[in-house]
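**Q** Here's my sequence, what's the structure:
(chains A and B)
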Amino acid sequence: MNELRMYVEHLFEGKVLTSENIELKEEMYGNLVARYEDLLSEGLDEAEALRRTKASLTSLDDVFAEVPSDVDAASDGGAVPAAGVDEGSGEAENAGTNGDIAVPVQTGTAEGEDAARAAETAGTTRPGGPTPVTEPTAATLHPQPEQRVNRRRVWPLVLVSVVGILIFFAIGVMGCNMIVGISSLDHYTSSQNEPIDSPGNGADDQVASGSGTAAPAIPSDEGVYVDPNGPVYFDGEPADELVREVVGSSSNDVLAQSDASMSDVDALNTLIFNLPMGEWAANLDVTRGNGVLRFDYVRVPDHFDGDSIDLALAYNATVLFCAVPDAQKIQVTVSESDEVSERDCYVFDRAAVEEAYGVPLDASMVNEAGWGQLKSDNLYKNDFAEHMVDRAERDAR
Amino acid sequence: MATRDAVSDLIRGNIDAIILKILSGQDSYGYEILKSISTLSQGEYEMKEPSLYTSLKRLEAQGFVESYWGNETQGARRKYYRMTSDGLQELTEATDRWVHVRQIIDRLLMQEGSAR
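**A** Numbering: from 1, shown residues only, chains lettered A, B, ... in the order given. The predicted structure follows:
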């Protein structure tokens, strides 16, 4: 399903990650997954199901171009009812349709409070068609809420920032819950900054009833911070997908392959594919001897932050040392989608990594407590991952 | 094709009400709503996903629907929509509107003499 996740991320490339957009992204992802699974259940093979799923949503242009599409719908739909206006004068319904068309046009000038009146005026002074004898209530019934929407759009700077900040914590990262195993959340946060005790945060209803109440934690501006309510921050910013994958990756993902043998290529591949960035992993090589496990990450999307990639690399190396007792060195290369020929090379050394954590990395760590210790107490700390990766970095060959 | 587009346009003018109608039965999420529309129209109308988001956003801004996250324990989470009482009222009114407009259009397009 990672491919759909990436696909959605790709759709949102270049979009400002407002809380609204983050939520929309999660919603879209959920719906795409539902479609994909539905297509599979209809008997399509995975490739075709994936293709059709992607084809169902190829661009956000229509989603964000709300005003034009409204006008579109109104004018298209208006073609026939317009005939009704000419003959059947005085029909409230048609007046309503008029209002629909007129409101967006009027919005530019009707910034004042009297939105409803403006809409009325728009409805009655609309040039062209004969003026229907409208009942004001009927005429404004429909346009009024539309007007509200549009007005909000007129003040994007003020409202978006205020509302955005208010609802950011409540809504913005709700979606992360889907990635973050709930059970592991408490654990990860236990040793982080003061966990915010917010009893009665009926998370589900927070979204609907809106905003301000979910007291936002002030995320640490260094390292990874997992808010108990779901949001994840990395160096004070909302975490990107990769970081959230690391946070969401639990010991359970590793359990089946813990104590994997260096010769069990299938188990190693499964392990690596299940880790963050797994979809770009390739070329596993265990034939180098001396406990060297080597593979590549190929064409990692270049929109990921370097620090996020570092975090994922550090996490993955840690996991592999835990799960593969014979692995002494993990050699990894990373190439990004925009510079395929340019590869960064890393060699993680078991002794060095264990030294950083201060504990031996083995199968005994592969459980919730062990994971909490590795992640919360170390990996999420400021610069921990970066140091580990810096230490592993080698000149490209 | 042109006919189909024209039909789609006519339906699209009522799509918010159609979504409200679906939500009046039970809460639902995006893809399920699309499926319902396809099924209920017996495959005659497929709503496109971008239009769905636009429509839901509009309905939510108008206070006709509310959303909440489902508690799927595994896989992707889904955002559900439920109709508010305002939504129910709007659905009633929109349905009345449609019936009324349909009568008018019927009257206009199928006048005596030209109707068969």
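**Q** which secondary element of chain B has the worst mean pLDDT?
**A** The element with the least model confidence among the helices and strands of chain B, by mean pLDDT, DSSP states H and E, is helix B:2-12, at a mean of 81.
**Q** Check which element follows it along the chain.
**A** Elements were assigned by DSSP states H and E; along the chain past helix B:2-12, the next helix or strand is helix B:15-25.
**Q** counting contacts, what elements does that next one pack onto?
**A** In terms of contacts (3 or more CB pairs under 8 Å, 6 or more residues apart in numbering or on different chains; DSSP states H and E), helix B:15-25 is packed against helix B:30-40, helix B:49-61, strand B:65-69, strand B:79-83, helix B:85-109. The C-beta positions use only the backbone N, C-alpha and C, and glycine is treated the same way.
**Q** buried stuff in that helix?
**A** By neighbour count on 16 or more other CB atoms under 10 Å in any protein chain shown, the buried set for helix B:15-25 is B:15-23.
**Q** tell me, what residue is most central in chain B?
**A** Here the mean C-alpha position of chain B is nearest to the C-alpha of residue B:18 (CA atoms, centre = their mean), at a distance of 2.2 Å.
**Q** Test my guess that it contacts residue B:37.
**A** Yes. Distance between residue B:18 and residue B:37: 6.5 Å, which falls inside the contact criterion (CB atoms under 8 Å).
**Q** anything in contact with each of these two?
**A** Taking CB atoms under 8 Å, 6 or more residues apart in numbering or on different chains as the contact rule, residue B:18 and residue B:37 touch no residue in common.
**Q** number of nearby residues for the closest residue to chain A within chain B?
**A** Here chain B gets closest to chain A at one residue, residue B:13, 2.8 Å apart by CB to the nearest CB. Here the neighbour count serves as a burial measure; for residue B:13 (other CB atoms under 10 Å in any protein chain shown) it reads 22.
**Q** quick one on the thing from earlier: which other helices and strands does the least confident helix or strand of chain B contact?
**A** Using 3+ CB pairs under 8 Å, 6+ apart as the contact test, the elements touching helix B:2-12 are helix A:66-87.
**Q** Could you save the buried residues of helix B:15-25 as TSV and add columns showing pLDDT?
**A** Below are the buried residues of helix B:15-25 laid out as TSV (pLDDT from 0 to 100):
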residue	pLDDT
B:15	95
B:16	96
B:17	96
B:18	96
B:19	97
B:20	97
B:21	96
B:22	96
B:23	97
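**Q** Turn those into a markdown table, including distance to residue B:107.
**A** What follows is those, written out as a markdown table (distance: CB to CB, whole Å):
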| residue | distance to residue B:107 |
| --- | --- |
| B:15 | 25 |
| B:16 | 25 |
| B:17 | 22 |
| B:18 | 24 |
| B:19 | 28 |
| B:20 | 27 |
| B:21 | 25 |
| B:22 | 29 |
| B:23 | 32 |
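**Q** tell me which of the residues you listed is nearest to residue A:306?
**A** residue B:19 (42.9 Å; CB to CB).
**Q** you'd agree the closest one is up against residue B:34?
**A** No. Residue B:19 lies out of contact with residue B:34 (CB under 8 Å); the separation is 9.8 Å.
**Q** Find the residues that touch each one of the two.
**A** Between them, residue B:19 and residue B:34 share the contacting residues residue B:52, judged by CB under 8 Å, 6+ apart.
**Q** List the buried residues in the least confident helix or strand of chain B.
**A** The neighbour-count check on helix B:2-12 (16+ other CB under 10 Å) flags B:8-12 as buried.
**Q** ditto for stretch B:48-56
**A** B:49-56.
**Q** close to chain A, is that stretch?
**A** Yes. Remark: stretch B:48-56 sits within contact range of chain A at B:48-51, B:53-54, by CB under 8 Å from any CB of the partner chain.
**Q** Please report the distance of residue A:240 from residue A:60.
**A** Residue A:240 is 18 Å from residue A:60, where distance means CB to CB, to the nearest Å.
**Q** and residue A:322, what is it in contact with?
**A** For residue A:322, the contacting residues are A:254, A:258, A:361-363, A:365-366, A:370, A:374, by CB under 8 Å, 6+ apart.
**Q** swap the cut-off to 7 Å and go again
**A** Contacts were defined as CB atoms under 7 Å, 6 or more residues apart in numbering or on different chains; by that measure residue A:322 touches A:258, A:361-363, A:365-366.
**Q** any idea how far residue A:384 is from it?
**A** The separation that residue A:322 has from residue A:384, given CB to CB, amounts to 16 Å.
**Q** same thing with residue A:370?
**A** From residue A:370 across to residue A:384, the span is 16 Å (CB to CB).
**Q** ok, now residue A:368?
**A** Going from residue A:368 to residue A:384 by CB to CB gives 20 Å.
**Q** before we move on, what about residue A:327?
**A** Separation of residue A:327 from residue A:384 (CB to CB): 20 Å.
**Q** now residue B:73
**A** Look at residue B:73 and residue A:384: by CB to CB, they are 31 Å apart.
**Q** ok, now residue A:347?
**A** Using CB to CB, we find residue A:347 at a distance of 18 Å from residue A:384.
**Q** With residue B:37 instead?
**A** When residue B:37 is compared with residue A:384 (using CB to CB), they lie 50 Å apart.
**Q** Equivalent analysis for residue A:26, please.
**A** Residue A:26 is 28 Å from residue A:384, by CB to CB.
**Q** And those two? Which one has more around it.
**A** Neighbours around residue A:26 and residue A:384, counted as other CB under 10 Å, are more numerous at residue A:26. The numbers are 25 against 20.
**Q** what about that one, which helix or strand?
**A** Mapping residue A:26 onto the secondary structure by DSSP H and E places it in helix A:19-41.
**Q** Buried residues, that helix. List them.
**A** Neighbour-count burial for helix A:19-41, with 16+ other CB under 10 Å as criterion, is recorded at A:19-39.
**Q** ok, which of these also contact chain B?
**A** Among those, the residues that sit close to chain B (CB under 7 Å from any CB of the partner chain) are A:24, A:26-27, A:29-31, A:33-35.
**Q** between these, which is nearest residue A:271?
**A** residue A:33 (23.4 Å).
**Q** and the gap between that closest one and residue A:40?
**A** 11 Å.
**Q** Over to residue A:233?
**A** Per CB to CB, residue A:233 is found 35 Å from residue A:40.
**Q** Any regions of chain B where pLDDT drops low?
**A** For chain B, residues meeting the criterion pLDDT under 70 lie at B:1-2, B:4, B:112-116.
**Q** need the residues of it near chain A, please.
**A** Among all residues of chain B, those adjacent to chain A (criterion: CB under 7 Å from any CB) are B:9-10, B:12-13, B:29-31, B:49-51, B:53-54, B:58, B:61-62, B:66-69, B:71, B:75-79, B:93, B:97, B:100-101, B:104-105, B:108.
**Q** Quick one, which of these are buried?
**A** So, by 16+ other CB under 10 Å, the buried ones in those are B:9-10, B:12-13, B:29-31, B:49-51, B:53-54, B:58, B:61-62, B:66-69, B:76-79, B:93, B:97, B:100-101, B:104-105.
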